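Asks: one predicted model, sequence on top.
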Amino acid sequence: MRESEFAEAMLQRIRQARAADDVFAEAVAQDELEDAVRLARRHGIRVADTDRQEE
């Protein structure tokens, strides 16, 4: 899976939860995305500002 495919899959989970009006699933997906971004940055991988992309 390429980087953009991974990021898109993570963001798609958040979009689906929002569309279903599932607050819990949205929070879980958002937390997982934030964890992945934090881990990537810790390993020196540059990551776009995901907070602004989804607002």
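Replies: Cool, got the structure.
Asks: so where's the protein uncertain?
Replies: Regions of the chain meeting the criterion pLDDT under 70 cover residues 1-3, 49-55.
Asks: apply 80 and report the result again.
Replies: For the chain, the stretches flagged by pLDDT under 80 are 1-4, 6-7, 47-55.
Asks: name the single longest helix found in it.
Replies: Using DSSP state H, we find that the single longest helix of the chain is helix 23-42.
Asks: quick one: contacts of it?
Replies: Applying C-beta atoms under 8 Å, 6 or more residues apart in numbering, the contact partners of helix 23-42 are 10, 11, 13, 14, 16, 17, 18, 47, 50. The way it works is simple: take the backbone N, C-alpha and C, and place the C-beta from them, glycine included.
Asks: can I get those in a markdown table including secondary structure, distance to residue 41 and neighbour count?
Replies: Output for these, formatted as a markdown table (DSSP: H, G, I helix; E, B strand; the rest coil; distance: C-beta to C-beta, whole Å; neighbours: other C-beta atoms under 10 Å):
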| residue | secondary structure | distance to residue 41 | neighbour count |
| --- | --- | --- | --- |
| 10 | helix | 15 | 17 |
| 11 | helix | 17 | 16 |
| 13 | helix | 20 | 17 |
| 14 | helix | 19 | 20 |
| 16 | helix | 25 | 13 |
| 17 | helix | 24 | 18 |
| 18 | helix | 25 | 15 |
| 47 | coil | 6 | 13 |
| 50 | helix | 11 | 17 |
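Asks: hang on, the earlier thing: tell me the buried residues in the longest helix of the chain?
Replies: Within helix 23-42, the residues scored as buried using 16 or more other C-beta atoms under 10 Å are 26, 29, 30, 33, 37.
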